[in-house]
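Participant: coordinates for the following, if possible.
(one chain, ligands or ions: 1)
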Amino acid sequence: MAQKASTVVTSGAVAVAALLLLGGCHKAASAAADDSAFAEPPEFTAAQKTQILATFPAPYNTADLDAGEKQFNKCRSCHTITAGKMNMTGPHLYGVFGRHAATAEGYTYSDAMKAHNVVWDFDTLDIYLKSPQTVVEGTKMGFMGIQNDTDRHNLIAYLKAETTPGLADSTGANSAGSQ
Ligand code: HEC
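Facilitator: Numbers count the residues shown, from 1 in each chain. Predicted coordinates:
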């Protein structure tokens, strides 16, 4: 009996190890990020920031990404932005640009957000984040909004830089080390 049980345990461990290997082989960097939804998003060098900003439309192309990161402190109690895609009080924001409102997998939205028929991009985020409660009347996002245009634009540029899959890799920046 004891012999049999230990065999089962061992083969279970082998199966887990095999799964880890499979998951890890092609994308070690994002697998590492998935392990912890709270992993820090990629850090960019000054040159990488310049490179990224150049791809953004005005006024976001002159945004201050460091200032945007500070603005994100207003959001981080409710939202994650890393590839771990963990929902908290609010839905995860990884890949939010190009995502239709109210479509983060596994998250239960308010009816108000479900009825908000937009795809999130620079413009729709700008409108929403200025005054969430008036733009999506009845949203359960308990946040008053960011009135200051510069603060809001810096935040949105930061979100675009950090949450766009592949953007960090395209500059060679990756918090988990590039492959
Ligand atoms: C107190 C918690 C809280 C804070 C702070 C907060 N949010 Fe939210 N957020 C939510 C909740 C809850 C929802 C879901 C809204 C709904 O279903 O009505 C949401 C929804 C969103 C959405 C829509 C996402 C989707 O999948 O459609 C975006 C974008 C967003 N928040 C961005 C932000 C940003 C950026 C900040 C910081 C400036 C922020 N939020 C601050 C709780 C919060």
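Participant: shaky segments in the chain?
Facilitator: 1-39, 172-179 (pLDDT under 70).
Participant: show me what from it comes close to the ligand.
Facilitator: Residues of the chain lying close to the ligand by Cβ under 6 Å from any ligand atom are 74-75, 77-79, 89-91, 96, 101-102, 104, 109-110, 112-113, 120, 125, 129, 139-143, 146, 155. (Glycine included, C-beta is placed from N, CA and C.)
Participant: so which of those belong to strands?
Facilitator: Taking DSSP state E, every one of the residues of the chain next to the ligand sits outside strands.
Participant: show me what contacts the nearest residue to Val119 once chain neighbours are set aside?
Facilitator: The spatial neighbour of Val119 that comes closest, neighbours along the chain excluded (Cβ to Cβ, 6 or more residues apart in numbering), is His100 at 5.3 Å. Counting by Cβ atoms under 8 Å, 6 or more residues apart in numbering, His100 touches Val118, Val119, Trp120.
Participant: closest to the ligand out of these?
Facilitator: For the contacts of His100, the closest approach to the ligand (Cβ to the nearest ligand atom) belongs to Trp120, at 5.7 Å.
Participant: mind listing what that closest one touches?
Facilitator: Val96, Phe97, Gly98, Arg99, His100, Ala101, Tyr128.
Participant: cheers, nothing more for now.
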